[in-house]
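>>> Show me how the following folds:
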Amino acid sequence: MLDVDRTGGTVHLRRFGVTPAARGRGLAEALVAHALRTARDLDRRVERAVVVAREELPHTVRFWRRQGFAPVDHRSPYVELARALPLRLEVPTADDMRDLARRVAGIVRAGDVLVLSGDLGAGKTTFTQGLGAALGVRGEVTSPTFVIARVHPTTVGGPDLIHVDAYRLGGSAELDDLDLDTDVDHAVTVVEWGEGLAEDLADSPLVVRIRRARGAGDPTDDPAEHPADDDPRTVEIDPLGSRWLGLDLAAALT
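So this is what the prediction gives:
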């Protein structure tokens, strides 16, 4: 059960819960995610979601923080948490994917971490190429699968780009072994295949989920090298944490 109401550009999540028999199956997370997506899909002017939790229930506060909410007010015994809403976009071609990445480059800064997910051939590296070009970094941006992580230094005085491929990593411990923490504060970090592994690299990661409309095709195809293989993608930009509160994501990216 989840009651949702709207006030201006904010949706309020109220009376949330699942039956005891359904707990531990991810239903709560799925219900919240669906509510957030639906709110934005119904009206692009809705920018954020708010929930109120009781301070004596720290596990509840932790649950909401895992869903991307951050504390914004504390009036005992209540803690108010908020987050920006995810934005879904239709991206018809590889060139459009690079153009979306260019717009994303306009809202990121040093210390930001982008967590990319999507099937083989979905366009994760294409997105990163567009981001690197917009940031003005040195070197060709290609899939770093065999080196796992590659640093592209800035040529324009902005942040460097750290490009990580987590596909072959066995878990977050192996990601920690890369010792990225020493560099991420001075760079924009992109982690392909990073969902569920890389979110802790930053307090407010930006999750980019790419879905290919007509299937993955040949998993060795790079849409950047095979324009004829273009087909529409749906890209969800999911801003987690306090960093993105107050940003009009729809205006910035559309």
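
>>> residues in contact with the longest helix seen in the chain?
In the chain, with assignment by DSSP state H, the single longest helix is helix 27-42. Contacts to helix 27-42, defined as Cβ atoms under 8 Å, 6 or more residues apart in numbering, come from residues 2, 4, 6, 11, 13, 16, 18, 46, 49, 63, 66-67, 83, 85-88, 236, 250. All C-beta spots, glycine's among them, are computed from the backbone N, C-alpha and C.

>>> Tell me which residues of that helix come out buried.
Counting neighbours by 16 or more other Cβ atoms under 10 Å, one finds that the buried residues in helix 27-42 are Ala28, Leu31, Val32, Ala33, Ala35, Leu36, Arg37, Ala39, Arg40.

>>> gap between the third one and Trp193?
Between Val32 and Trp193 the distance, using Cβ to Cβ, to the nearest Å, works out to 24 Å.

>>> before we move on, back to that, now flag whichever of the buried residues of helix 27-42 is closest to Tyr167.
Checking these against Tyr167 with Cβ to Cβ, the nearest one is Ala33 at 23.6 Å.

>>> Which strand or helix spans Thr128?
If you go by DSSP states H and E, Thr128 is part of helix 124-135.

>>> From the chain's centroid, how far away is whichever helix or strand comes after that helix?
Sequence order places strand 149-152 as the next helix or strand after helix 124-135, per DSSP H and E. Relative to the chain's own centre, strand 149-152 is displaced by 20 Å; criterion: Cα atoms, centre = their mean, to the nearest Å.

>>> which residues touch the helix or strand that comes right after strand 149-152?
Next helix or strand after strand 149-152 toward the C-terminus (DSSP H and E): strand 160-165. Strand 160-165 is contacted from outside by 128, 131-132, 135, 137, 141, 143-145, 148-154, 175, 178, 180, 183-184, 186-194, 198, using Cβ under 8 Å, 6+ apart.

>>> For the residue most central in space within the chain, which non-adjacent residue is closest in space?
Centroid-nearest residue in the chain: Val207, 0.9 Å away (criterion: Cα atoms, centre = their mean). Setting aside the residues directly before and after it, Val207 is nearest to Asp238 in space (Cβ to Cβ, 6 or more residues apart in numbering), at 4.0 Å.
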